[in-house]
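[1] The following block contains a protein sequence and its predicted model.
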Amino acid sequence: MDASPVITLTTDFGLDDAYVGTMKGVILSIVSDARLVDITHRIASQDVRQTAYVLYTVYRFFPPHTVHLVVVDPGVGSARRAIALRTPRGSFVGPDNGVFSYVMAEQPLTAAVELADPRYRRARVSQTFHGRDIFAPAAAHLAAGVPIDQFGPLVPDPVTLPLPHLQVNPNVISGEVLHVDHFGNVITSIGCLFWEAEELTLRPAFRGTGETGAQEVHFRADEASVTAEGHEIQGVRRTYAEVEPGDALALVGSTGHLEIAVREGSGARELGLQVGDPVELRW
C-alpha cells in the first residue's frame, strides 16, 4: 500500500456549503496522511447519469490503489444500499444507484460489498448525510488498508443504469448525446475513436450493439458526416482551429469520443442539443 493513500471526491454538493469540507475532516480523522483529490462538486443536483459519465472519464488516470468516493445520492435515507466495489483500476465507495455503471462496463469487479459493519461508519448516522456518516468513513478505512470483505456482505447485483446507446452497422454508427461540458461542447456516446493517419478507428465503448457490434470499424475522417437534430456536419476534425470562429464542427475529443462543437461558441446552445438527443455518424 502506498504510504499516502489517494482518495478522490465527486459530489453534487457545490462549494457554497460545508458538506465537502466536513467529509474531508472525517476522512483525515481516520487516515491523516490521505491525499484528497477533488474531481468535481458541481455535478447537477441528483444527476446519477452525469456522475457515471464523469467517473468514467477520470478513474483510469489514477493509480490502481486509489479509492474513489462518490456521493450523488437522491435516495439518501431510503432502502438503497451503500456499497464498496473493487476493480483492477481502483476501488469505489458510494450509493448503489448506478453511479458506477460505466466503470463496471469497462472493469471487472473483483469484489462488491454492502457497507453494513458499524465499525466502519460514524457512531451516529444521519438519515440525510450518509456522505459524512457512512461513505467518508468507509473510504478512509478502505484506503487505510481494511480488507473490503470486512465491511459487510457480498453484493451480487450492484444497480446499473442502461448503457448509452451505441449501435454500429456497416457505414453508419448511431449514438446519443452523453454529456455537455462547461464550454458547451457536446460529447456523444460514439467512441472510442483513434486517429491513424487520415483514417479513424472506432473501438466501440459501452458494449456496442448492431451488425458490427464490438468489432473495430475504420473509415476516412474527411468522408464522414455527422447528423444531430437536423444539423449535418461534414468531416471529422482534429482541432477546433480547422474551422472559422462561429462554425460548427465534429471532432475527436480528449476522451476519444465524437464531439460536436462550435468554435469559440457553445455547440449545445447554438445547435439546440441536449443529453439524450440522437446522433448519427455516416461515411
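    Good, I have the coordinates. Bear in mind the structure is a predicted one, so any value in this text is a computation, not a measurement.
[2] Was I right to think D181 contacts I187?
    Yes - applying CB atoms under 8 Å, one finds D181 in contact with I187, separated by 6.4 Å. For the C-beta atoms, the positions are set from N, CA and C on the backbone; glycine is no exception.
[3] Looking at these two, which one has more neighbours?
    Higher neighbour count among D181 and I187: I187, with 24 against 17, using other CB atoms under 10 Å.
[4] Which helix or strand contains the more buried one?
    Secondary structure from DSSP states H and E places I187 in strand 186-188.
[5] What residues sit buried inside the helix or strand following that strand?
    For strand 186-188, the following helix or strand on the C-terminal side (DSSP H and E) is strand 193-196. In terms of neighbour count (16 or more other CB atoms under 10 Å), strand 193-196 has its buried residues at L193.
[6] And L251, which helix or strand is it part of?
    strand 248-252.
[7] which residues sit against that strand?
    193-195, 200, 224, 226, 231, 233, 235-240, 242-243, 258-263, 267, 270-271, 281 (CB atoms under 8 Å, 6 or more residues apart in numbering).
[8] Kindly report the same for stretch 127-143.
    So stretch 127-143 is contacted by 5-7, 11, 13, 19, 22-24, 26-31, 34, 67, 69-71, 73, 76-77, 82, 84, 91, 93-95, 115, 120-122, 124-126, 148, 151 (CB under 8 Å, 6+ apart).
[9] Now go through the residues you listed and say which are in strands.
    6-7, 11, 67, 69-71, 82, 84, 91, 93-95 (DSSP state E).
[10] could you pull out the strands for the stretch 151-283 of the chain?
    Using DSSP state E, counting those that start in this stretch, the strands of the stretch 151-283 of the chain run over 167-169, 172-180, 186-188, 193-196, 199-202, 217-220, 225-228, 231-234, 248-252, 258-262, 278-282.
[11] Need the CA coordinates for the fifth one. CSV is fine.
    Read that as strand 199-202. C-alpha atoms of strand 199-202 as CSV (Å, rounded to 0.1, in the frame of the first residue of the first chain):
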residue,chain,number,x,y,z
GLU,A,199,-8.4,7.4,-41.0
LEU,A,200,-10.3,6.9,-37.8
THR,A,201,-10.7,3.6,-36.0
LEU,A,202,-13.7,3.0,-33.7
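[12] Check which residues of it are buried.
    Within strand 199-202, the residues that count as buried by 16+ other CB under 10 Å are L200, L202.
[13] Begin at 550 from now on, thanks
    Taking 550 as the first residue, the last one we looked at is strand 748-751.
[14] Tell me which other helices or strands it touches.
    The helices and strands touching strand 748-751, judged by 3 or more CB pairs under 8 Å, 6 or more residues apart in numbering; DSSP states H and E, are strand 742-745, strand 766-769.
[15] re earlier: in ChimeraX, how would I select the buried members of the contacts of strand 797-801?
    Provided next is the ChimeraX selection string for whichever of the contacts of strand 797-801 are buried by 16+ other CB under 10 Å:
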select :742,749,773,775,782,784,785,786,789,792,807,808,809,810,811,812,816,820,830
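[16] And the ones in strands among the contacts of stretch 676-692, which is closest to V597?
    P644 (8.6 Å; CB to CB).
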